[in-house]
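> Fold the following and give me the result.
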Amino acid sequence: MLTINKPRTTLLFFVVCCFANIAAALLIHFIGPSASVAIALKDIALFSIIALSLVAFRVNHKDIIYISLIAAYAAVFLIISANNETPPIAALSGLRQIITVFLIISLGALLSSKTKTTQENTIKHILAVGVIIASIGVIERFTHLWSPFIREYFELKNIGVLSIGYPFVLIEPLPVFNEFNGVTGFLRASSTFLDPVNFGHAMVFWFFLSSIMGLKRLKYLFLLSVIISFSKAAIFQLILIALYRSRISFALKISLCLAATVIGLTFIATHAGFDSHFRGLVNSIGSLSVFGKGLGEAGNVSAMYATNDSGIGDSFIGALIGQVGIAGTLIWSILLAYQLKQALTINSTIPLILITQVALGFLSENSFNFLSIMPAAFFCGYIARSKTPIQALNMPSN
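Residues are numbered from 1 along each chain as shown. The predicted model follows:
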C-alpha cells in the first residue's frame, strides 16, 4: 500500500500553494511565457494530493459520499453549460472557482489525524509556513524585492503594470503617501501571493491560529502583515472576529460590530474600486435564473476568458449566482454548511474565518478565491475530522 506522511504532505501542500504565484512569476520572467503553466501549480497539488490520499488512506465513507456529491454537482453544471459558446477554459475556470472550497476542506479531512503528536507536527508545519510568508511580505513591502521580476506575469494576465514594475492592483491609490515618483499611492504587501487581498486574508487565519495556540510574538507578526497588506476586507474581517472572541458583553459586541460595519462600508463606498464591486453584485441579482448563465459566464473569469461581458464581476457571490443560478447557489450553500457545522463543534474561530469570507464575498471576488480561503478551509476540514480542540495541543512557547 502507498504510504504518505500526513504532516509532511500538509507541509508540501501549503508550500506549493503559497509559493506557486511567485514561482510562476520568476519562471515567466527568466524563461518566458511558455512557463505560464506554473500558474496552475496549486491546482495540480490540490487534485494530486486528494487522489493520492484516496488511494493511500483508509477513507471515511463520509469523505467518499461528500466527494461524490461534489463530482455530481460539477458534472451537472458542466452538462448545463455545454450548449453555451463559452471557451472550455473559461467554463473549467468557473467550475474550479466554485468547487475549490469543498476540495480544500475535503483534503484537510483526508490529511487529518486523531494522534496528538501528528496533530502537533501538522500545526507546527502550518505555523512555520505562515512565519516565512509573513516575513517575506514585510521584507518585500519595504525593499520592493519583486519589482524587477513580476511585470511579465501580470501582463500575461492582462493586468496593467506601472513603470515602477508593480501592477495597479498592488498600489493603494490613496494620495496620503506617494511612495513612488509619478505614482499616486503606496505599495501594499502581497508576499509570495502577489495579491494583497489573498495575503491579508491568509494572515488573518495565521493571526487567529497563533492566538488560539497562545503564541503572542507570532501573533504580532501576523497582525503587522494584515495591516501592511492594506486589504480593507481582511482588516474588517480581523476586527469582527476579534470582537466575537472578546470577553465583553454580547450587547456591546453587537454595538461595536454594527459600528465597525457602518465605518467600514462608509470607507469602502468612497473608495475608487467600490463601484465595480457593487455593480457586479447588483447585475447578478438583476439576471437571476434557476440554473444561471453557465460556467465561465459571470465574474472575473468571464472578463478574462469569455467573449461576452456579463457585467457580473468583482463579487464572488455575484459570480456564483450568475454562473449556477438559484439552484446551484442553494446546493453550494448546503454543501459548505455541512462541513462548517462539523468544524464549529470543535472550534468556532476557524470556521468563522471562512464564514466571514463568504459574507465579504458579496462585494469582493478575491476575498473568496483559492489562496485567500486555502488555510482556513483546509483547517476546517482538519479539525472537523480530528475532533481534537487545537488549544489542547502543546506548542513551543515564543
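
> Show me the shaky parts of the stretch 251-398 of the chain.
261, 264-287, 303-313, 389-398 (pLDDT under 70).

> let's see 80
251-289, 298-314, 363, 387-398 (pLDDT under 80).

> Can you list the residue ranges for helices in it?
In the stretch 251-398 of the chain, the helices defined using DSSP state H, counting those that start in this stretch lie at 274-286, 300-304, 316-344, 349-360, 370-386.

> Sort out which residues of the last one are buried, please.
Spelled out, it's helix 370-386. 370-386 (16 or more other Cβ atoms under 10 Å). For the C-beta atoms, the positions are set from N, CA and C on the backbone; glycine is no exception.

> Which one of the helices of the stretch 251-398 of the chain lies nearest to Q237?
Closest to Q237 of the helices of the stretch 251-398 of the chain, according to Cβ to Cβ: helix 349-360, at 4.8 Å.

> Mind giving me the packing neighbours of the closest one?
helix 196-212, helix 232-245, helix 316-344, helix 370-386 (3 or more Cβ pairs under 8 Å, 6 or more residues apart in numbering; DSSP states H and E).

> mind giving me JSON lines with the ones you listed and columns for distance to G294?
Below are the helices and strands packed on helix 349-360 laid out as JSON lines (distance: least, Cβ to Cβ, whole Å):
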{"stretch": "helix 196-212", "distance to G294": "26"}
{"stretch": "helix 232-245", "distance to G294": "28"}
{"stretch": "helix 316-344", "distance to G294": "7"}
{"stretch": "helix 370-386", "distance to G294": "21"}
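
> For burial, what's the neighbour tally of S135?
Residues near S135, counting by other Cβ atoms under 10 Å, number 13.

> can I assume it sits in a helix?
Yes - counting by DSSP: H, G, I helix; E, B strand; the rest coil, S135 falls inside a helix.

> That one and L218 touch, don't they?
No - proximity of S135 to L218 does not meet the contact threshold set by Cβ atoms under 8 Å, at 10.7 Å.

> sorry, back to before: how about the helices and strands packed on helix 349-360, which one is nearest L78?
From the helices and strands packed on helix 349-360, taking Cβ to Cβ, the stretch that ends up closest is helix 316-344, at 10.9 Å.

> to the chain's geometric centre, what's the distance from that closest one?
Helix 316-344 sits 15 Å away from the centroid of its parent chain (Cα atoms, centre = their mean, to the nearest Å).

> so Y153 is in which element?
Assigned by DSSP states H and E, Y153 falls within helix 151-156.

> in that helix, what's buried?
By neighbour count, with 16+ other Cβ under 10 Å as the criterion, the buried positions of helix 151-156 are R151, E152, Y153, F154, L156.

> Any chance of CSV for the residues you listed, columns pLDDT and distance to V55?
Shown next, in CSV, are these (pLDDT from 0 to 100; distance: Cβ to Cβ, whole Å):
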residue, pLDDT, distance to V55
R151, 94, 41
E152, 93, 38
Y153, 92, 34
F154, 92, 38
L156, 86, 35
